[in-house]
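Asks: Take a look and give me a structure for this.
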Amino acid sequence: AEILSMAETLLPQSARDVADAIADAARQGERLTITGGGSKAATGAPVAVRELSTRGLCGVVDYDPAELVLTVRPGTPLAQVQALVASEGQMLAFEPFDHGLIFGAAEGAATIGGVVAAGVAGSQRLSGGAARDHLLGFQAVSGRGEIFVAGGKVVKNVTGFDLPKLAAGSWGRLFMMTELTLKVLPMPRELRTLAIAGLSLDQALALMALAMGSQGDVAAAAYLPAGLRGGESATILRVQGFDASVAARCMLLETLLADFGRLAPISPTDAEAMWADLRRLAPLGPDRPLWRLNVVPSLAGRVRQALPANADMLFDWAGGLVWVAGAVDPALIRSAAVNAGGHAMLIRADAALRAQVPAFHPQPAGLAALEERVRRAFDPTGLFETGRF
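Replies: Prediction:
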């Protein structure tokens, strides 16, 4: 098939087209950057190379609700995938979300390939797992221009190397996925959000740790500081499942956490608004530099202590995910992340800061060497090494 092009963007329509485009670029000594809907294009250093887009690779290949398996092409809009599985009473349990609003743009551009390649997961990652845990298999084209298949199309699959774990979070630096098979799960019949107002960060972290270690089976837990909520903090817990089970677990949590204060139910409308604001980071605004810190939940308080007061923060995943917005010294942020047992990624900034500060956290020499060997195995000539990361 002829590869359609739009200005400097390549729009392949099939895996064979992708292989041909990569082979042509390799012969000409070109670099290619893989793009989808562009909702996360402003993460990483600005680059000026030809785009290899997934937008021509769109549509559902196969969906078997009874088997909880969906096979889809990477350029398919995330919203379309979510609507499809929701129509069957199912969901993507890692709760992916569209980054558009985080960058001050409209929602709707994110693609399923893009969210998996970036390893995007929402608040429910705490209980539902990450994108990598739900990617059963994929078809892709390597930097060699070779089409290959990894994983499978069944939930119980133990053959070959576990390359789906490698693909999720690879940010298009290894290969271009041309087809993805995902595990889906039934939607919970009942969702309830419980909240305690006015806790300090240390109190909230202690509460969330106790709740997560209990039989309450909490699906999501987050802390919204007072400075971002008009003067009163909110610690929120989401409990979901069958009606009777949810009611029993909420009672258990109310008793277990009574020493922290009254755990009050939030109306479904208000609860959805709170989780949606957290998902799109609305309290942090779209303009300031934005960092994502993955830390040990019990040590998240160290991040707050290490950073200046002008840094605003949201705490998700029971404290394991800290979003930081503000003009803060990158070295200080990365030091704070390490001191809390984790790492920091620069998600959003102006072009000058993105050109100066690597998006990914610097790695120890041994791990960096291992990653380099893995990248060279899939992309020996560095065709996907654009300088973005």
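Asks: how much space between the closest residue to G100 other than its chain neighbours and R279?
Replies: On the basis of CB to CB, 6 or more residues apart in numbering, the spatially nearest residue to G100 that is not a chain neighbour turns out to be E107, at 4.5 Å. Where C-beta positions appear, they are placed from N, C-alpha and C, glycine not excepted. As for E107, its distance to R279 is 11 Å (criterion: CB to CB, to the nearest Å).
Asks: So those two - more neighbours on which side?
Replies: Summary of the neighbour comparison: E107 and R279, criterion other CB atoms under 10 Å, with R279 having more neighbours (18 against 15).
Asks: Could you pull up the residues touching that one?
Replies: By CB atoms under 8 Å, 6 or more residues apart in numbering, the residues touching R279 are 95, 97, 122-123.
Asks: so what's the backbone phi/psi at it?
Replies: Here is the backbone geometry of R279 (degrees, to the nearest 10): phi -60, psi -40.
Asks: Spatially central residue for this structure, please.
Replies: By CA atoms, centre = their mean, the mean C-alpha position of the chain lies nearest to V120, the distance being 1.3 Å.
Asks: A strand includes that residue, no?
Replies: No. Under DSSP: H, G, I helix; E, B strand; the rest coil, V120 sits outside any strand and is assigned coil.
Asks: Spatially nearest residue to it (excluding sequence neighbours)?
Replies: Here the nearest residue to V120 in space, its sequence neighbours aside, is P96; by CB to CB, 6+ apart that works out to 4.8 Å.
Asks: Next, the contact list for that neighbour, please.
Replies: When the contact criterion is CB under 8 Å, 6+ apart, the partners of P96 are 78, 110, 112, 115-116, 120-122, 131.
Asks: Apply 7 Å and report the result again.
Replies: The neighbours of P96, taking CB atoms under 7 Å, 6 or more residues apart in numbering as the test, are 78, 115, 120-122, 131.
Asks: related to what we said a few turns ago, from R280, how far off is the residue nearest to G100?
Replies: Here the criterion is CB to CB. By it, E107 lies 8 Å from R280.
Asks: Mutual contacts of those two, please.
Replies: By CB under 7 Å, 6+ apart, the residues touching both E107 and R280 are L101.
Asks: Show me where this protein dips below the pLDDT cut-off.
Replies: Under the criterion of pLDDT under 70, the regions of the chain flagged as low confidence span 1-7, 154-161.
Asks: can you do 90?
Replies: Low-confidence segments of the chain (pLDDT under 90): 1-8, 104-107, 151-162, 230-231.
Asks: Would you map the helices across it?
Replies: With DSSP state H as the criterion, the chain has helices at 15-27, 78-86, 112-117, 125-128, 163-167, 201-212, 243-256, 268-279, 300-306, 330-339, 351-356, 365-378.
Asks: So which of the ones you listed is the most surrounded?
Replies: The highest average neighbour count among the helices of the chain, using mean count of other CB atoms under 10 Å, belongs to helix 112-117 at a mean of 29.
Asks: contact partners of it?
Replies: For helix 112-117, contacts defined as CB under 7 Å, 6+ apart pick out 36-37, 39-40, 54, 72, 74-76, 78, 81, 96, 131, 135, 168, 170-172, 177, 180.
Asks: Equivalent analysis for stretch 191-210, please.
Replies: Outside stretch 191-210, the residues within contact range by CB under 7 Å, 6+ apart are 221, 223, 225, 232-240, 246, 250, 253, 256-257, 260-266, 271, 274, 297-298, 300-301, 304, 318-319.
Asks: cool, and stretch 133-140?
Replies: Defining contact as CB under 7 Å, 6+ apart, one finds that stretch 133-140 is touched by 15, 69, 92-94, 116, 147-153, 155, 157, 164, 167-168, 175-183.
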